[in-house]
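Undergrad: I would like to see how this sequence folds:
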Amino acid sequence: MGLPLTGMTEAEIGELLTGWGESRYRARQVWEWIHRHLASDFGEMTNLPLRLRGRLAGEAVVDSLALVERQAASDGTVKYLFRLQDGETIESVWIPAEDRGTVCVSTQVGCGMGCRFCATALSGLRRNLKAAEIVDQVRLVSRDIGRRVTNVVFMGMGEPLANYEETRRSLLLLHAPAGLNIGWRHLTVSTSGLVPAIRSLAEERLPLTLAVSLHAADNKTRTRLMPINRRYPLEELMPACREWVVKTGRRLTFEYVLISGINDSLRDARRLSRLLAGMLAHVNLIPLNPVSGIGWQAPPSARQEAFARVLQELGIPVTLRQERGAEIDAACGQLRRRRLLEVAAAEV
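TA: Numbers count the residues shown, from 1 in each chain. Reported below is the predicted structural model:
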């Protein structure tokens, strides 16, 4: 495996090239080919000397992943299955809108959080992704779509804050003005509630968007849905969330997946409003994408709307998200899981 340049800063590429006896300005040329022109091959870098292109091809790589499968939905959503250089696979999603183009990226192969409504959790955790493997999801999707990515959400496979250093590095690379130049407010990191990592992120004061997967406003229900709540119950999670808001001055987003008969009652809505009262926060209500083998489903539309209405009436900003990509493997981890099951069946 060659050195993955997409996980390196421009300064680090400069150190590499000057170590080879090249001029430092070559680093900016390589950086722009990678992050602005989305090059897939060193041969495309025509303003570099042929000898340098040859050495780069022999000792480094541009793309650290390769496309395995692509599923497109009628609403424009596209789901990708990528293979990493060690043979593992991850998912990414393109979510188009009139005023923006969003890529949802994975930060781990699988996930170790064990959330009971998530397809990724069924496969367990395999390993953390490197920053290059995170950044390359954005590059390859942008190259495939032929459109600039304006937003990146770290809401794919894995727990971003359990892979803190590589997630942080990828954020800095995606934000770099000389590269993809994605604004901090257009970078969203999701977490299931790793309290120490939330506090560490607050100390860095990066003005990104933090999205906390809440999914219940009482410990009993949240623990049933999310085992992490045993380690970091609401009594520890909520103070860390409030600390993040104070230190960054940024509004915090709470993700709340609506599951019929589990967390979708009007009582649940009132409990949620009390938990968030007085906090600079916004709630994203997300109807559950059905996952084979779990058996839960989203509540009817009328119940979703009633839940949202209670929050609005009690002064909690809320958005009821529309389902996207309904005719493809929409839930996180489903495409990868289907592929793994197909491979296993073929080997029997």
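
Undergrad: ok, how many other residues are close to the residue lying closest to residue 10 once chain neighbours are set aside?
TA: Excluding the flanking residues, the one nearest residue 10 by Cβ to Cβ, 6 or more residues apart in numbering is residue 31, at 4.5 Å. For glycine as for every other residue, the C-beta is placed from the backbone atoms N, C-alpha and C. A total of 23 residues lie near residue 31 under the criterion other Cβ atoms under 10 Å.

Undergrad: Give the next helix or strand downstream of the host helix or strand of residue 31.
TA: If you go by DSSP states H and E, residue 31 is part of helix 25-35. Counting by DSSP H and E, the next helix or strand C-terminal to helix 25-35 is helix 50-59.

Undergrad: Hmm, residue 187 is touching residue 173, no?
TA: No. In this structure, residue 187 is not within contact of residue 173 by Cβ atoms under 8 Å, at 10.9 Å.

Undergrad: Which one's more surrounded, those two?
TA: Just comparing residue 187 and residue 173: by other Cβ under 10 Å the higher neighbour count belongs to residue 173, 24 against 20.

Undergrad: mind listing what the residue nearest to that one when sequence neighbours are not counted touches?
TA: Closest residue to residue 173 apart from its sequence neighbours, by Cβ to Cβ, 6+ apart: residue 135 at 5.2 Å. Listed by Cβ atoms under 8 Å, 6 or more residues apart in numbering, the contact partners of residue 135 are 6-7, 170, 173-174.

Undergrad: which of the residues you listed lies closest to residue 47?
TA: residue 6 (18.9 Å; Cβ to Cβ).

Undergrad: Next, give phi and psi for the closest one.
TA: Per-residue torsions, residue 6: phi -70, psi -10 (degrees, to the nearest 10).

Undergrad: neighbours of the nearest residue to residue 39 once chain neighbours are set aside, just the number please.
TA: Of all residues not flanking residue 39 in the chain, residue 33 sits nearest, at 4.3 Å (Cβ to Cβ, 6+ apart). By other Cβ under 10 Å, 21 other residues sit near residue 33.
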